[in-house]
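Undergrad: Have a look at this fold, sequence not included:
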């Protein structure tokens, strides 16, 4: 009798455990079931997801052209105007060595000297800028630029001269010059121009960042700032003591520069690039007549405004 009683208690215990397991499993299945069946969403949920996907796609497609620029090649050409600081210019050669102190110069925006007409020898290439570059990252571009500026010593200016001219170089201008006294500098004493021109070749590293973009991506504006190192290769027209030298391209020195500007993009690939640039040139080796014994030297600071028109092209993938 006792054994039957114990066996019934054990059977009841096992049945209760099995029942509890079934209940627990049922609860787990109920709790794992989605309130909204899979593949079916409320209109509000569907609208929210659609807007999110649209925003992601818009963000990716709307800015990738102007932001993901690594591998783009670009080139531009345009026009410049420049202002120059005063510069002490030293001239030396056989029988002379003198310096014009704080000489004044200007640019020549016209390809023709307006003071003399119908003289074909005065027609020169206008002041221009040319640049070709490549985006090495999405924001950094490396470029080679050619700035063809004009530097014209102002004739008949009043300045001090320090040094000497021997009679073997010029009977008219032979004397020791007193730097404490001002004098007029006429063209038959010194005429001096880099009009073919003051050519500055620079490697420039620029930082580009997108500032504005229209919703249809047809127009955008970049902010651009950079710096460069330069080589000065002027073609100098010199007239010393009434004798005109033979001008030739000549590596005369180098310098540094900094620039800031905008890039205005039209229809993605075309752009207008207005820039202001400040630079300094050290030119210790200017050829005045093509002979190694006749030279000039000077340091120039300049402030340039230029505007170029260009085109960019994708030549590499991300």
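TA: Great, that's in hand. Quantities reported herein were computed from a predicted structural model and do not represent experimental measurements.
Undergrad: what lines up beside the longest strand seen in the chain in the sheet?
TA: With secondary structure taken from DSSP state E, the chain has its longest strand at strand 190-213. Partners of strand 190-213 in the sheet, by DSSP bridges, are strand 140-153 (antiparallel), strand 219-232 (antiparallel), strand 237-240 (antiparallel).
Undergrad: how distant is stretch 65-81 from the center of its chain?
TA: Taking C-alpha atoms, centre = their mean, to the nearest Å, one finds the center of stretch 65-81 at 9 Å from the center of the full chain.
Undergrad: and what of stretch 80-88?
TA: Mean-position distance between stretch 80-88 and its chain equals 20 Å (C-alpha atoms, centre = their mean).
Undergrad: Need the distance between the two termini of it.
TA: Distance between the two ends of stretch 80-88: 24 Å, counting by C-alpha to C-alpha, to the nearest Å.
Undergrad: The closest residue to residue 172 other than its chain neighbours: what's it in contact with?
TA: Once flanking residues are discounted, residue 172 sits nearest to residue 241: 7.1 Å by C-beta to C-beta, 6 or more residues apart in numbering. Where C-beta positions appear, they are placed from N, C-alpha and C, glycine not excepted. Going by C-beta atoms under 8 Å, 6 or more residues apart in numbering, residue 241 touches 165, 169, 170, 172, 173, 188, 189.
Undergrad: can you pull the pLDDT of residue 241?
TA: Residue 241 is assigned 90 on the pLDDT scale.
Undergrad: Likewise for residue 28?
TA: Reading off the model, residue 28 has pLDDT 42.
Undergrad: Ok, the one 10 residues further on next?
TA: In this model, residue 38 is scored at 48, pLDDT.
Undergrad: Residue 275 now?
TA: 97.
Undergrad: what do you get for residue 280?
TA: Residue 280 is assigned a predicted lDDT (pLDDT) of 98.
Undergrad: show me the contacts for it.
TA: Contacts of residue 280 by C-beta under 8 Å, 6+ apart are 255, 256, 257, 299, 300, 301, 302.
Undergrad: so which two of these are the farthest from each other?
TA: The span of the contacts of residue 280, defined through C-beta to C-beta, is set by 257 and 299 at 14.0 Å.
Undergrad: Domain boundaries for this protein, per the record?
TA: Using automatic domain parsing, the domain ranges for the chain come out as 1-31, 69-314.
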